[in-house]
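K.L.:
Any chance you can model this:
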Amino acid sequence: MNNRTQNIRIGLFFLLGLALLWVTYASLNGGRVFRQKGYMLTARFDNLKGLQTGDDVLMAGVRIGAVAQTRLAGRQAEAVLRIEPAVTVASDAVAMVAQSSLLGANHLEVTVGSPDVPRLEPGSGLKTRDTVDMNEVIARLGSLGDRLEKVVTEIGKNLGGGEGGSLFTKIDKLVTDNGPKLTETVSNLQEITAKVRSGEGTLGHLVNDPKLHDELLASVGEIKGAATDARTFVANAQSFLDQVKAGKGALGALVFDEQTGNEIKTTIRNLQDISTKLNSGQGTLGKLMSDDTLYRQAQGTLRKVDQMTEGLNDQGPITAVGVAAKALF
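P.N.:
Numbers count the residues shown, from 1 in each chain. A predicted model of the protein is given here:
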């Protein structure tokens, strides 16, 4: 009986050892007793964030493989992935380390990618994207808490007091020092509003007198009309200047027509020549203006005509003709 019991114990111990060996092998083989078939892909990260051998590789929430190995590749960490043979991974797919639970378990998430791009060949590298894990979030929250504590401390100093006193103390001192001035300012404002309500002053009339309001509106309308007329005048002046610049009209031809300018210059030179000749006594008109001989002859002729008209009063026509001829010749 004792031998039988001892044999049973030995058999149970042997079975327990086999079970432990089974569990150890399964753990080292990614949870699988037999090595799965598939092809390898690699993914490099700055930090694997605790990703371990045997962790799942998911695509759209479906397991497509497992992490076969993790290793260092220079200054980065590299995860070797075993992908199931029936699954194809697009060349633009992106891998990222994702958290499976709040306890710290992670897995590798691979995006589906585009349907019209080539698939990755075995041994190719996946595009990767770093993600923020809970440790980084907690660290940032801790830093944010420190900053908030500093801000609250500063607010407390400003409100509670300090070297220059609290904020409320400063406000109270400001109001106390300027109280009479504020009271006087408020009184002045009350007097001004009372005068405006009673119609005193220009502003009061403007607010209370509808006739003045209408006249002001009419003046504004006249100003607008004058501005419109001014714009019209400026537009017409601009049109006139454009025509002058284009050589149109007498003024445009005078300013911009070279032939007209040359003719005016020739006319001015001719007038200068005529005036020079007149001043020098050349020609009939010049002699008439500068030589008094013709003037004296004209005076003698006029005297003879006078004598002739006097003789006409006393003599007949025939005699008158003779007298006139004698007087003239």
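K.L.:
can you give me the strands for the stretch 51-200 of the chain?
P.N.:
56-59, 62-73, 76-83, 94-99, 106-110, 125-128 (DSSP state E, counting those that start in this stretch).
K.L.:
Out of those strands, which gets nearest to residue 149?
P.N.:
strand 94-99 (28.6 Å; Cβ to Cβ). No exception for glycine: its C-beta is placed from N, CA and C like everyone else's.
K.L.:
Let me see the backbone angles for the residue lying closest to residue 39 once chain neighbours are set aside.
P.N.:
Excluding its sequence neighbours, the residue lying closest to residue 39 (Cβ to Cβ, 6 or more residues apart in numbering) is residue 122, at 3.7 Å. The phi/psi pair for residue 122 (degrees, to the nearest 10) reads phi -60, psi 140.
K.L.:
returning to that earlier point: now the strands of the stretch 51-200 of the chain as JSON lines including mean neighbour count, mean pLDDT and distance to residue 45?
P.N.:
As requested, the strands of the stretch 51-200 of the chain are exported to JSON lines (neighbours: other Cβ atoms under 10 Å; pLDDT from 0 to 100; distance: least, Cβ to Cβ, whole Å):
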{"stretch": "strand 56-59", "mean neighbour count": "20", "mean pLDDT": "94", "distance to residue 45": "14"}
{"stretch": "strand 62-73", "mean neighbour count": "16", "mean pLDDT": "93", "distance to residue 45": "10"}
{"stretch": "strand 76-83", "mean neighbour count": "19", "mean pLDDT": "94", "distance to residue 45": "5"}
{"stretch": "strand 94-99", "mean neighbour count": "18", "mean pLDDT": "91", "distance to residue 45": "7"}
{"stretch": "strand 106-110", "mean neighbour count": "22", "mean pLDDT": "92", "distance to residue 45": "10"}
{"stretch": "strand 125-128", "mean neighbour count": "18", "mean pLDDT": "93", "distance to residue 45": "6"}
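K.L.:
need the ones you listed in CSV with distance to residue 274, can you?
P.N.:
Formatted as CSV, the entries for the strands of the stretch 51-200 of the chain read as follows, by distance: least, Cβ to Cβ, whole Å:
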stretch, distance to residue 274
strand 56-59, 111
strand 62-73, 110
strand 76-83, 106
strand 94-99, 102
strand 106-110, 109
strand 125-128, 101
